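Peer 1: sequence isn't available, so here's the structure alone:
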């Protein structure tokens, strides 16, 4: 590995690859350090391999985090700007109800385009190379890696969060950020399923319900989410569950009583449902596996509108798609993503305490951070003496 490079990016995922490509295209020497055997591993699995990479319906309500900070970032990087950026990389898109995918419906198309972009500009991508520690060294940063030492003037931390360990999530970037003086908010699994109590899950596993999923915390009902609820052997999954997982995770960590509620027929009011069941029964409303479960409970028709069960835990970081928590955004400058703690250090993507709903929002955030950081470094370098990797 070269001993010095102008910019070192820790992490060759969504943020890291785009940031590296923009810098390399501008002629700025850049090296990406990736602990996995290949770059873009988690990105390759995004959206069940289809990569919903942004969404036309974009506002701060689609994210959890500092709304004022997010508003500035989203105003600068709207969905149209992300789509244009990927068109320039040769990634045409298709759209479904505002959800934007590569035209091929393959995440591999996005990953390969980003890799080609970075390499075409001369970026170096060092795989199976874990950044172990970082330290200030005068006007540079010294990074100790599993393949040796490297130093740089600029350091971009884009190492991702703790989610999806099988795809490389480890939270190692938090350790590097802490060593530079950053704080890290407590992290939780987000966009994952919920483990539930009850002896019926094995009997109904594999079924899917087009219904409404909601939470009840310490007896207080919260707004629910409609969509396909997937029943698995240890609980519930599917997008409506993913959208509320972070709320359940935080409440459970605080020792609060958390229940899940399924409404099997949200399109019907209780009176209409009662009349339907009086005439036709419940067999036309639920899948066959559910009938003996519901009929064994008192007031089976009422259970169709409000089927409660205890939530014991999330499915954990291993099965989570994204991390809730991380480095507080107030420790960065939103226009540049530069750290307010350490000069010439930039933070991007999942490391920050921002997480989005399902629908391309987390990737949109990753691209926005990458573009802001790359532009800031490029502007700082403009007119200055550029170095080289050596």
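Peer 2: Nice, thanks for sending it over. The structure presented is a predicted model; accordingly, all values stated were derived computationally and were not measured.

Peer 1: use CA for all of it now, contacts and neighbours both
Peer 2: Fine.

Peer 1: residues in contact with the helix or strand encompassing residue 230?
Peer 2: Residue 230 belongs to strand 225-232 when elements are defined using DSSP states H and E. Strand 225-232 is touched from outside by 201-202, 204-214, 236-241, 243-244, with contacts defined as Cα atoms under 8 Å, 6 or more residues apart in numbering.

Peer 1: weed out the non-buried ones from these.
Peer 2: Buried members of the contacts of strand 225-232, scored by 16 or more other Cα atoms under 10 Å, are 201, 204-205, 207-214, 236-241, 243-244.

Peer 1: so which of those are in strands?
Peer 2: Secondary structure from DSSP state E places 208-214, 236-237 of these in strands.

Peer 1: tell me the bridge partners for the residue nearest to the spatial centre of the chain.
Peer 2: Centroid-nearest residue in the chain: residue 322, 3.7 Å away (criterion: Cα atoms, centre = their mean). Under DSSP bridges, the beta-bridge partners of residue 322 are residue 190.

Peer 1: for it, what are its contacts?
Peer 2: Contacts for residue 322 (Cα under 8 Å, 6+ apart) come out as 161-164, 189-191, 350, 355, 362.

Peer 1: now with 10 Å, please.
Peer 2: For residue 322, the contact set (Cα atoms under 10 Å, 6 or more residues apart in numbering) comprises 160-164, 169, 188-192, 246, 350, 354-358, 362.

Peer 1: report the buried residues of the worst-scoring helix or strand of the chain on mean pLDDT.
Peer 2: Lowest on mean pLDDT, DSSP states H and E among the helices and strands of the chain sits helix 300-305, with a mean of 84. Under the neighbour-count criterion of 16+ other Cα under 10 Å, helix 300-305 has 300-301, 303-305 buried.

Peer 1: which of the residues you listed lies closest to residue 83?
Peer 2: Comparing the buried residues of helix 300-305 against residue 83 with Cα to Cα places residue 305 closest, at 41.0 Å.

Peer 1: and the closest one, what does it touch?
Peer 2: 211-212, 261-266, 268-270, 273.

Peer 1: distance of it from residue 192?
Peer 2: To residue 192, residue 305 is 24 Å away according to Cα to Cα, to the nearest Å.

Peer 1: and what of residue 306?
Peer 2: 22 Å.

Peer 1: returning to that earlier point: which two of the ones in strands among the buried ones among the contacts of strand 225-232 have the greatest separation?
Peer 2: Across those, no pair lies farther apart than 208 and 214, at 15.8 Å, counting by Cα to Cα.

Peer 1: one step back: Provide the strand pairings for the strand holding residue 230, with the direction of each partner.
Peer 2: Here, using DSSP bridges, strand 225-232 pairs with strand 208-217 (antiparallel), strand 235-237 (antiparallel).

Peer 1: where does residue 81 sit: helix, strand or coil?
Peer 2: helix (DSSP: H, G, I helix; E, B strand; the rest coil).

Peer 1: isn't it right up against residue 368?
Peer 2: Yes - between residue 81 and residue 368 there is a contact at 9.4 Å, judged by Cα atoms under 10 Å.

Peer 1: of the two, who's got more company?
Peer 2: Taking neighbours as other Cα atoms under 10 Å, residue 81 and residue 368 compare with residue 368 leading, 26 against 12.

Peer 1: the closest residue to that one other than its chain neighbours: what's it in contact with?
Peer 2: Ranked by Cα to Cα, 6 or more residues apart in numbering and with sequence neighbours excluded, the top spatial neighbour of residue 368 is residue 77, at 5.8 Å. Residue 77 makes contacts with 71, 364-365, 367-369, 371-372, as judged by Cα under 10 Å, 6+ apart.

Peer 1: distance of residue 77 relative to residue 36?
Peer 2: 29 Å.

Peer 1: repeat for residue 244
Peer 2: Residue 244 sits 30 Å away from residue 36, going by Cα to Cα.

Peer 1: then residue 87?
Peer 2: From residue 87 to residue 36 the distance is 27 Å (Cα to Cα).

Peer 1: partners of the closest residue in space to residue 205 that isn't next to it in sequence in the sheet?
Peer 2: Excluding its sequence neighbours, the residue lying closest to residue 205 (Cα to Cα, 6+ apart) is residue 232, at 4.6 Å. As for beta bridges, residue 232 partners with residue 235 under DSSP bridges.

Peer 1: same check on residue 95?
Peer 2: In beta-bridge terms (that is, DSSP bridges), residue 95 pairs with residue 100.

Peer 1: and residue 128, how many neighbours?
Peer 2: Neighbours around residue 128, by other Cα under 10 Å: 16.

Peer 1: thanks again, I'm all set now.
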